[in-house]
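*Asks:* structure here, sequence nowhere to be found:
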(Lines give C-alpha, C1' and ligand atoms only; values in the text may rest on other atoms or scores of the structure.)
Protein backbone atom coordinates (compact mmCIF):
# COMPACT_ATOMS: atom_id res chain seq x y z
CA UNK A 1 0.00 0.00 0.00
CA UNK A 2 2.78 2.43 0.86
CA UNK A 3 4.38 1.72 -2.50
CA UNK A 4 1.15 2.67 -4.28
CA UNK A 5 0.88 5.91 -2.35
CA UNK A 6 4.27 7.05 -3.54
CA UNK A 7 2.88 7.14 -7.09
CA UNK A 8 4.95 7.01 -10.26
CA UNK A 9 6.75 10.02 -11.69
CA UNK A 10 6.00 11.16 -15.20
CA UNK A 11 7.35 14.29 -16.80
CA UNK A 12 4.36 16.63 -17.24
CA UNK A 13 3.28 17.73 -20.69
CA UNK A 14 5.39 20.73 -21.58
CA UNK A 15 3.48 23.91 -22.31
CA UNK A 16 4.45 27.51 -21.61
CA UNK A 17 3.19 28.46 -18.17
CA UNK A 18 4.15 30.14 -14.96
CA UNK A 19 5.25 27.49 -12.49
CA UNK A 20 4.86 27.91 -8.74
CA UNK A 21 8.37 27.27 -7.45
CA UNK A 22 10.11 27.63 -4.07
CA UNK A 23 10.45 31.30 -3.21
CA UNK A 24 7.04 32.27 -4.57
CA UNK A 25 4.21 33.22 -2.26
CA UNK A 26 3.05 30.05 -0.54
CA UNK A 27 0.26 29.61 1.92
CA UNK A 28 0.46 31.14 5.36
CA UNK A 29 -3.26 30.55 5.34
CA UNK A 30 -3.68 29.21 8.87
CA UNK A 31 -1.83 32.20 10.31
CA UNK A 32 -3.68 34.68 8.11
CA UNK A 33 -7.11 33.61 9.35
CA UNK A 34 -6.24 33.08 12.99
CA UNK A 35 -8.26 36.15 13.88
CA UNK A 36 -11.36 34.91 12.08
CA UNK A 37 -11.62 37.78 9.60
CA UNK A 38 -10.94 38.31 5.93
CA UNK A 39 -7.65 40.02 6.72
CA UNK A 40 -9.24 43.48 6.67
CA UNK A 41 -10.98 43.20 10.02
CA UNK A 42 -14.34 42.70 8.29
CA UNK A 43 -16.71 39.77 8.02
CA UNK A 44 -18.39 39.35 4.66
CA UNK A 45 -20.86 37.23 2.78
CA UNK A 46 -20.01 34.20 0.66
CA UNK A 47 -22.20 33.44 -2.37
CA UNK A 48 -22.10 30.43 -4.67
CA UNK A 49 -23.99 29.87 -7.93
CA UNK A 50 -23.85 26.51 -9.68
CA UNK A 51 -23.15 27.10 -13.37
CA UNK A 52 -22.70 23.50 -14.51
CA UNK A 53 -23.92 20.27 -12.97
CA UNK A 54 -25.26 16.92 -14.13
CA UNK A 55 -28.77 18.20 -13.41
CA UNK A 56 -30.81 21.36 -13.75
CA UNK A 57 -34.39 22.20 -12.87
CA UNK A 58 -34.55 25.69 -14.36
CA UNK A 59 -35.99 26.65 -17.71
CA UNK A 60 -33.45 27.86 -20.26
CA UNK A 61 -30.45 26.30 -18.51
CA UNK A 62 -28.38 23.38 -19.75
CA UNK A 63 -26.91 20.42 -17.88
CA UNK A 64 -24.01 18.07 -18.66
CA UNK A 65 -21.78 15.62 -16.88
CA UNK A 66 -19.47 18.19 -15.33
CA UNK A 67 -19.06 20.86 -12.69
CA UNK A 68 -18.55 24.62 -12.66
CA UNK A 69 -19.15 26.98 -9.73
CA UNK A 70 -19.34 30.79 -9.62
CA UNK A 71 -18.06 31.88 -6.20
CA UNK A 72 -18.20 35.41 -4.78
CA UNK A 73 -16.09 36.17 -1.73
CA UNK A 74 -15.92 39.81 -0.67
CA UNK A 75 -15.18 41.73 -3.87
CA UNK A 76 -13.60 38.75 -5.64
CA UNK A 77 -15.12 36.31 -8.11
CA UNK A 78 -13.68 32.82 -8.53
CA UNK A 79 -14.61 30.27 -11.17
CA UNK A 80 -14.12 26.75 -9.81
CA UNK A 81 -13.92 24.31 -12.73
CA UNK A 82 -15.44 24.86 -16.17
CA UNK A 83 -17.38 21.68 -16.95
CA UNK A 84 -16.63 19.90 -20.23
CA UNK A 85 -18.04 22.41 -22.74
CA UNK A 86 -19.49 25.88 -23.14
CA UNK A 87 -22.49 25.05 -20.94
CA UNK A 88 -21.12 27.21 -18.11
CA UNK A 89 -20.90 30.18 -20.50
CA UNK A 90 -24.51 29.71 -21.65
CA UNK A 91 -25.82 29.32 -18.11
CA UNK A 92 -23.86 32.31 -16.82
CA UNK A 93 -25.44 34.47 -19.51
CA UNK A 94 -28.95 33.22 -18.70
CA UNK A 95 -28.33 33.88 -14.99
CA UNK A 96 -27.05 37.40 -15.67
CA UNK A 97 -23.49 36.71 -14.52
CA UNK A 98 -20.60 38.46 -16.25
CA UNK A 99 -17.63 36.15 -16.74
CA UNK A 100 -15.49 39.25 -17.32
CA UNK A 101 -15.68 39.74 -13.54
CA UNK A 102 -13.86 36.47 -12.83
CA UNK A 103 -10.48 37.17 -11.17
CA UNK A 104 -9.33 33.61 -10.61
CA UNK A 105 -10.04 30.25 -12.23
CA UNK A 106 -9.24 27.19 -10.10
CA UNK A 107 -9.30 23.80 -11.82
CA UNK A 108 -9.73 20.85 -9.49
CA UNK A 109 -8.07 18.07 -11.51
CA UNK A 110 -7.11 16.95 -14.97
CA UNK A 111 -10.35 15.42 -16.24
CA UNK A 112 -12.31 16.69 -19.25
CA UNK A 113 -15.55 17.27 -17.32
CA UNK A 114 -13.82 19.82 -15.09
CA UNK A 115 -11.38 21.49 -17.50
CA UNK A 116 -12.75 20.97 -21.00
CA UNK A 117 -14.90 24.09 -20.83
CA UNK A 118 -11.81 26.27 -20.42
CA UNK A 119 -11.54 26.48 -24.21
CA UNK A 120 -14.88 28.33 -24.25
CA UNK A 121 -13.98 31.00 -21.68
CA UNK A 122 -15.00 34.23 -23.45
CA UNK A 123 -12.44 36.65 -21.96
CA UNK A 124 -9.34 35.06 -23.47
CA UNK A 125 -7.72 38.40 -24.31
CA UNK A 126 -7.98 39.43 -20.63
CA UNK A 127 -7.79 36.02 -19.01
CA UNK A 128 -7.54 35.76 -15.22
CA UNK A 129 -4.95 33.56 -13.56
CA UNK A 130 -5.79 29.88 -13.96
CA UNK A 131 -4.56 27.51 -11.22
CA UNK A 132 -3.97 23.87 -12.11
CA UNK A 133 -1.90 21.13 -10.50
CA UNK A 134 1.04 20.51 -12.80
CA UNK A 135 0.44 16.73 -12.87
CA UNK A 136 -3.06 17.33 -14.25
CA UNK A 137 -1.49 17.68 -17.70
CA UNK A 138 -0.65 13.99 -17.95
CA UNK A 139 -2.63 11.81 -20.35
CA UNK A 140 -5.41 10.23 -18.32
CA UNK A 141 -7.63 7.24 -19.00
CA UNK A 142 -10.57 5.37 -17.49
CA UNK A 143 -11.23 1.67 -17.85
CA UNK A 144 -14.19 0.64 -20.00
CA UNK A 145 -16.49 -2.16 -18.97
CA UNK A 146 -14.85 -4.45 -21.52
CA UNK A 147 -11.65 -5.82 -20.00
CA UNK A 148 -8.44 -4.30 -21.34
CA UNK A 149 -10.20 -1.37 -23.00
CA UNK A 150 -9.61 2.26 -22.02
CA UNK A 151 -10.89 5.70 -22.99
CA UNK A 152 -9.24 9.09 -22.67
CA UNK A 153 -10.69 11.25 -19.89
CA UNK A 154 -7.94 13.85 -19.49
CA UNK A 155 -7.92 17.53 -20.46
CA UNK A 156 -8.47 17.78 -24.23
CA UNK A 157 -5.08 18.50 -25.85
CA UNK A 158 -6.54 21.34 -27.92
CA UNK A 159 -7.49 23.07 -24.68
CA UNK A 160 -4.09 23.20 -22.98
CA UNK A 161 -2.19 24.18 -26.12
CA UNK A 162 -4.19 27.35 -26.81
CA UNK A 163 -1.93 30.40 -27.06
CA UNK A 164 -3.93 32.56 -24.65
CA UNK A 165 -3.09 30.21 -21.77
CA UNK A 166 0.62 31.07 -22.00
CA UNK A 167 0.48 33.89 -19.46
CA UNK A 168 -2.66 32.86 -17.60
CA UNK A 169 -1.81 29.33 -16.49
CA UNK A 170 -0.17 28.85 -13.07
CA UNK A 171 0.99 25.29 -12.44
CA UNK A 172 1.16 24.56 -8.74
CA UNK A 173 1.77 21.42 -6.71
CA UNK A 174 1.97 22.63 -3.11
CA UNK A 175 -0.66 24.66 -1.19
CA UNK A 176 -0.90 28.17 -2.58
CA UNK A 177 -2.72 31.18 -1.14
CA UNK A 178 -3.97 33.08 -4.21
CA UNK A 179 -5.55 35.92 -2.21
CA UNK A 180 -6.14 36.75 1.44
CA UNK A 181 -8.13 33.86 2.95
CA UNK A 182 -8.36 31.96 -0.36
CA UNK A 183 -6.27 28.80 -0.59
CA UNK A 184 -5.67 26.26 -3.35
CA UNK A 185 -4.77 23.10 -1.48
CA UNK A 186 -2.29 21.62 -3.93
CA UNK A 187 -2.13 17.84 -4.25
CA UNK A 188 -4.01 15.78 -1.68
CA UNK A 189 -1.90 13.01 -0.08
CA UNK A 190 -2.91 9.47 -0.93
CA UNK A 191 -5.23 7.77 1.54
CA UNK A 192 -3.88 4.72 3.35
CA UNK A 193 -7.41 3.30 3.18
CA UNK A 194 -7.53 1.18 0.03
CA UNK A 195 -11.31 1.60 -0.18
CA UNK A 196 -10.89 5.37 -0.54
CA UNK A 197 -8.25 5.22 -3.23
CA UNK A 198 -9.51 5.94 -6.76
CA UNK A 199 -10.39 2.91 -8.84
CA UNK A 200 -10.52 2.48 -12.60
CA UNK A 201 -8.29 5.42 -13.57
CA UNK A 202 -4.97 5.12 -15.36
CA UNK A 203 -1.96 7.02 -16.67
CA UNK A 204 -0.04 6.18 -19.81
CA UNK A 205 3.46 4.95 -19.02
CA UNK A 206 6.63 5.53 -21.01
CA UNK A 207 6.18 2.32 -23.01
CA UNK A 208 2.46 2.77 -23.63
CA UNK A 209 1.39 0.56 -20.74
CA UNK A 210 -1.45 1.66 -18.47
CA UNK A 211 -0.51 2.39 -14.86
CA UNK A 212 -2.86 3.08 -11.99
CA UNK A 213 -3.71 6.76 -11.47
CA UNK A 214 -4.08 7.70 -7.80
CA UNK A 215 -5.31 11.16 -8.86
CA UNK A 216 -2.60 12.98 -6.95
CA UNK A 217 -3.36 16.04 -9.07
CA UNK A 218 -6.74 16.73 -7.44
CA UNK A 219 -6.82 19.89 -5.36
CA UNK A 220 -9.43 21.75 -3.35
CA UNK A 221 -10.40 25.38 -3.01
CA UNK A 222 -10.61 26.47 0.64
CA UNK A 223 -12.06 29.86 1.55
CA UNK A 224 -12.13 31.42 5.01
CA UNK A 225 -15.39 33.19 5.79
CA UNK A 226 -16.20 34.69 9.19
CA UNK A 227 -13.57 32.55 10.91
CA UNK A 228 -14.84 29.28 9.40
CA UNK A 229 -14.08 27.38 6.21
CA UNK A 230 -15.87 26.74 2.93
CA UNK A 231 -14.46 23.80 0.99
CA UNK A 232 -14.98 23.14 -2.72
CA UNK A 233 -14.11 19.71 -4.07
CA UNK A 234 -14.38 18.66 -7.71
CA UNK A 235 -14.72 14.88 -7.52
CA UNK A 236 -13.09 13.72 -4.30
CA UNK A 237 -11.13 11.02 -6.14
CA UNK A 238 -8.66 10.71 -3.21
CA UNK A 239 -11.64 9.95 -0.94
CA UNK A 240 -13.99 12.53 0.56
CA UNK A 241 -13.02 11.93 4.19
CA UNK A 242 -9.34 11.82 3.24
CA UNK A 243 -9.73 15.21 1.52
CA UNK A 244 -11.50 16.72 4.52
CA UNK A 245 -8.86 15.37 6.89
CA UNK A 246 -6.27 17.14 4.75
CA UNK A 247 -8.23 20.39 5.09
CA UNK A 248 -8.02 19.99 8.86
CA UNK A 249 -4.28 19.44 8.58
CA UNK A 250 -3.79 22.52 6.40
CA UNK A 251 -5.98 24.72 8.59
CA UNK A 252 -6.17 23.16 12.06
CA UNK A 253 -8.79 24.24 14.54
CA UNK A 254 -11.21 25.79 12.04
CA UNK A 255 -14.75 24.52 11.59
CA UNK A 256 -15.87 23.58 8.09
CA UNK A 257 -19.20 25.32 7.64
CA UNK A 258 -19.74 24.58 3.94
CA UNK A 259 -18.80 21.65 1.72
CA UNK A 260 -19.80 21.72 -1.95
CA UNK A 261 -18.40 18.60 -3.52
CA UNK A 262 -18.53 16.01 -6.19
CA UNK A 263 -17.93 12.87 -4.12
CA UNK A 264 -17.67 10.06 -6.67
CA UNK A 265 -19.96 7.79 -4.68
CA UNK A 266 -22.35 6.77 -7.44
CA UNK A 267 -21.10 3.21 -7.87
CA UNK A 268 -19.63 2.41 -4.46
CA UNK A 269 -20.91 -0.38 -2.25
CA UNK A 270 -23.57 0.29 0.37
CA UNK A 271 -20.96 -0.34 3.08
CA UNK A 272 -18.56 2.19 1.59
CA UNK A 273 -21.37 4.74 1.20
CA UNK A 274 -22.44 4.32 4.83
CA UNK A 275 -18.84 4.74 6.01
CA UNK A 276 -18.35 7.90 3.92
CA UNK A 277 -21.55 9.42 5.29
CA UNK A 278 -20.53 8.55 8.84
CA UNK A 279 -17.17 10.23 8.40
CA UNK A 280 -18.75 13.37 6.93
CA UNK A 281 -21.31 13.46 9.73
CA UNK A 282 -18.62 13.34 12.41
CA UNK A 283 -17.19 16.65 11.18
CA UNK A 284 -20.43 18.51 12.02
CA UNK A 285 -20.36 20.53 8.80
CA UNK A 286 -23.08 23.17 8.83
CA UNK A 287 -24.09 22.71 5.19
CA UNK A 288 -23.17 19.86 2.83
CA UNK A 289 -24.05 20.16 -0.87
CA UNK A 290 -23.30 16.98 -2.84
CA UNK A 291 -23.16 17.61 -6.60
CA UNK A 292 -21.99 16.20 -9.92
CA UNK A 293 -20.52 12.69 -9.63
CA UNK A 294 -21.92 12.01 -6.16
CA UNK A 295 -24.87 10.21 -7.79
CA UNK A 296 -28.57 10.46 -6.90
CA UNK A 297 -28.50 7.30 -4.75
CA UNK A 298 -25.71 8.72 -2.60
CA UNK A 299 -27.22 12.22 -2.55
CA UNK A 300 -30.50 10.98 -1.13
CA UNK A 301 -28.67 8.83 1.42
CA UNK A 302 -26.57 11.80 2.54
CA UNK A 303 -29.67 13.97 2.86
CA UNK A 304 -31.51 11.26 4.80
CA UNK A 305 -28.61 11.06 7.24
CA UNK A 306 -27.72 14.75 7.60
CA UNK A 307 -31.24 16.20 7.37
CA UNK A 308 -31.29 20.00 7.30
CA UNK A 309 -27.50 20.06 7.12
CA UNK A 310 -27.64 18.69 3.56
CA UNK A 311 -29.01 20.63 0.60
CA UNK A 312 -29.47 19.14 -2.87
CA UNK A 313 -28.72 21.78 -5.50
CA UNK A 314 -28.08 21.71 -9.24
CA UNK A 315 -27.24 24.06 -12.14
CA UNK A 316 -28.84 27.46 -11.64
CA UNK A 317 -29.21 27.20 -7.88
CA UNK A 318 -27.62 29.75 -5.54
CA UNK A 319 -26.41 29.45 -1.98
CA UNK A 320 -25.59 32.42 0.23
CA UNK A 321 -23.97 32.24 3.65
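*Replies:* Done, it's in. Keep in mind that this is a model prediction, so the values were computed, not measured. Numbers count the residues shown, from 1 in each chain.

*Asks:* okay, and the beta partners of residue 212?
*Replies:* Beta-bridge partners for residue 212, by DSSP bridges, are residue 202.

*Asks:* how about low-confidence regions in the chain?
*Replies:* 1-44, 193-195 (pLDDT under 70).

*Asks:* what ranges do the helices span in it?
*Replies:* Assigned by DSSP state H, the chain shows helices spanning 2-6, 29-32, 87-94, 112-115, 157-160, 165-168, 240-250, 270-281, 296-306.

*Asks:* what does the last one rub up against?
*Replies:* Defining contact as Cβ atoms under 8 Å, 6 or more residues apart in numbering, one finds that helix 296-306 is touched by 263, 265-266, 268, 273-274, 276-277, 280-281, 288, 290, 294, 310, 312. (Glycine included, C-beta is placed from N, CA and C.)

*Asks:* contact partners for the closest residue to residue 176 other than its chain neighbours?
*Replies:* What sits nearest to residue 176 in space, not counting adjacent residues and going by Cβ to Cβ, 6 or more residues apart in numbering, is residue 184, at 4.8 Å. Applying Cβ under 8 Å, 6+ apart to residue 184 gives the contacts 106, 131, 172, 175-178, 219-222.

*Asks:* if we go to 10 Å?
*Replies:* 20, 27, 29, 104, 106-108, 131-133, 170, 172, 174-178, 219-222 (Cβ atoms under 10 Å, 6 or more residues apart in numbering).

*Asks:* thinking again about what came up before, looking at the helices of the chain, which is nearest to residue 320?
*Replies:* Comparing the helices of the chain against residue 320 with Cβ to Cβ, the closest turns out to be helix 87-94 (17.4 Å).

*Asks:* run the chain-centre distance for the closest one.
*Replies:* Its chain's C-alpha centre and that of helix 87-94 lie 19 Å apart, by Cα atoms, centre = their mean, to the nearest Å.

*Asks:* same check, this time on stretch 122-130
*Replies:* 19 Å.

*Asks:* what's next to that stretch, contact-wise?
*Replies:* Contacts to stretch 122-130, defined as Cβ under 10 Å, 6+ apart, come from residues 17-18, 77-79, 82, 86, 89, 92-93, 98-107, 115, 118, 121, 162-171, 178.

*Asks:* buried subset of the residues you listed?
*Replies:* Among those, those classed as buried by 16 or more other Cβ atoms under 10 Å are 17, 77-79, 82, 86, 89, 92, 99, 102, 104-107, 115, 118, 121, 162, 165, 168-171, 178.

*Asks:* any idea how far the residue nearest to residue 57 when sequence neighbours are not counted is from residue 155?
*Replies:* Nearest non-adjacent residue to residue 57, counting by Cβ to Cβ, 6+ apart: residue 314, 6.0 Å away. According to Cβ to Cβ, to the nearest Å, residue 314 stands 24 Å off from residue 155.

*Asks:* and residue 288, by the same measure?
*Replies:* Going from residue 288 to residue 155 by Cβ to Cβ gives 28 Å.

*Asks:* before we move on, what about residue 61?
*Replies:* As for residue 61, its distance to residue 155 is 25 Å (criterion: Cβ to Cβ).

*Asks:* so for those two, which residue has more residues nearby?
*Replies:* Between residue 61 and residue 155, counted using other Cβ atoms under 10 Å, residue 155 has the larger neighbour count: 25 against 20.

*Asks:* what number of residues lie near residue 108?
*Replies:* 30.

*Asks:* residues in contact with it?
*Replies:* For residue 108, the contact set (Cβ under 10 Å, 6+ apart) comprises 67, 69, 80-81, 114-115, 131-133, 136, 184-185, 217-221, 232-237, 261-262.

*Asks:* residue 78 is in contact with residue 51, isn't it?
*Replies:* No: if you go by Cβ atoms under 10 Å, residue 78 and residue 51 don't touch, sitting 11.8 Å apart.

*Asks:* what touches both of these two?
*Replies:* Common neighbours of residue 78 and residue 51 (Cβ under 10 Å, 6+ apart) are 69-70.

*Asks:* in the sheet, who's paired with the residue nearest to residue 176?
*Replies:* residue 176, residue 221.

*Asks:* please tell me how far it sits from residue 111.
*Replies:* 17 Å.

*Asks:* repeat that for residue 188.
*Replies:* 15 Å.

*Asks:* likewise for residue 209?
*Replies:* 21 Å.

*Asks:* once you drop chain neighbours, what's closest to residue 284?
*Replies:* residue 255 (7.5 Å).

*Asks:* verify the stated contact: that neighbour with residue 231.
*Replies:* No: applying Cβ under 10 Å, one finds residue 255 not in contact with residue 231, separated by 11.0 Å.

*Asks:* the two: who's more crowded?
*Replies:* Comparing residue 255 with residue 231 by other Cβ under 10 Å, the one with more neighbours is residue 231, at 22 against 12.

*Asks:* quickly list what that one is bridged to.
*Replies:* Applying DSSP bridges, one finds that residue 231 bridges with residue 222, residue 259.

*Asks:* so it touches residue 245, yeah?
*Replies:* No: counting by Cβ under 10 Å, residue 231 sits too far from residue 245 to count as a contact (11.6 Å).
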